[in-house]
Each structure stands twice: as structure tokens, then as C-alpha cells.
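Chemist: Here is my input, please return the structure:
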Amino acid sequence: MSQRGPGDPGRLFEIHGPALYRYAVMLLADAAAAEDAIQQVFVSLLRRPAPIENEAHYLRRAVRNECYSMLRARKVRGDSVTDRPLLEAIAAVPAAHDERIAIESAIRLLPPEQREVIHLHVFEGWTFQQVADASDESINTIAARYRYAIAKLRQTLTSA
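Modeler: As a prediction, the model looks like this:
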């Protein structure tokens, strides 16, 4: 739906905020940094005078761009990731606490691009085509990232 200006940021946050936060946490592997990324996107949204055609797509793309900018800056500074919980969604997985910690630790070891595919495909239920469209990558690239991520997770979890 087309609208003038950025719309009501409070309404947009209420509708999209939780999913955007989970997405940012998965990309950044850091809950505090994810909060910062979401805040930055919504602050930028307040300054945006142009219409937004597709709110969900725009916000996810803005969060993705902000997260990757933060990852590049983190790499330049040599920052490490915190030990805060990575996956709120893992809490819903029927597994023992130790198993959840092992899954979370294994996912944390994946590169951000692979964590992104795992999050969108497994936890958000997106198809590979939807992930490819959202990330401007080919479906083959997305499928390969998924395969590599699953292989790395299997290797990490079976050797633990």
C-alpha cells in the first residue's frame, strides 16, 4: 500500500518490530547491537519524507543494511560478539537447556550471511526464492548458503 511519508513509526514498530528484532539478532549475533540497529532504522524513518511502497520490505531491507554496516564496523574495530542469547526462537524448540545452548553456540559460529538464510528459511518460514529476492542474491547462492550452514551445524553439533 502506498502512503505519504513514513507513516506512523509507532504503528510500524508495533507491527514489524518483533520480527525485525529477531532478524537483527540473528544477523548480528548480539541482542544489544540488534536493538541499536532497530533504533537507528526507526530514527532514520522519522526523517524520511518520501512515501514507502512496501513497509515490510522497506523495513527489513533497512535493518539488513544497518546490520551489515554494523558488522563491517565491528570487523574494522576487531570487536567480538557478546555471549547474550542469540535465538529467542530456540526457546520454543522442544529441547533441553544444554541442547539449546549447543544449537545457539553452533549458529553463532556461522557467517552472518548463513545465519540470515537459516533465520529467514527456518524460523520465519520463507522460501529460498523469498530469501533471494529480499537479499538481492540468486536462489542458487541462497540454497548454497543454506547447505553450507546445515553442514557446518551438523559438524559442530556432532563433534560437541
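Chemist: distance of Y21 from S105?
Modeler: Between Y21 and S105 the distance is 21 Å, computed by C-beta to C-beta, to the nearest Å. All C-beta atoms are positioned from the backbone trio N, CA, C, and that covers glycine.
Chemist: Compare these two and say which is more crowded by neighbours.
Modeler: Using other C-beta atoms under 10 Å as the criterion, Y21 and S105 rank with Y21 on top: 18 against 14.
Chemist: and the more buried one, what does it touch?
Modeler: Residues near Y21 by C-beta atoms under 8 Å, 6 or more residues apart in numbering: A34, E35, I38.
Chemist: Now, of these, which are buried?
Modeler: A34, I38 (16 or more other C-beta atoms under 10 Å).
Chemist: Which of the contacts of Y21 fall in helices?
Modeler: A34, E35, I38 (DSSP state H).
Chemist: Could you dump those residues into JSON lines and include pLDDT and distance to K152?
Modeler: Output for the ones in helices among the contacts of Y21, formatted as JSON lines (pLDDT from 0 to 100; distance: C-beta to C-beta, whole Å):
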{"residue": "A34", "pLDDT": "91", "distance to K152": "22"}
{"residue": "E35", "pLDDT": "93", "distance to K152": "27"}
{"residue": "I38", "pLDDT": "95", "distance to K152": "27"}
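Chemist: Go through those residues and say which is closest to L153.
Modeler: The shortest gap between L153 and any of the ones in helices among the contacts of Y21 belongs to A34, at 21.0 Å (C-beta to C-beta).
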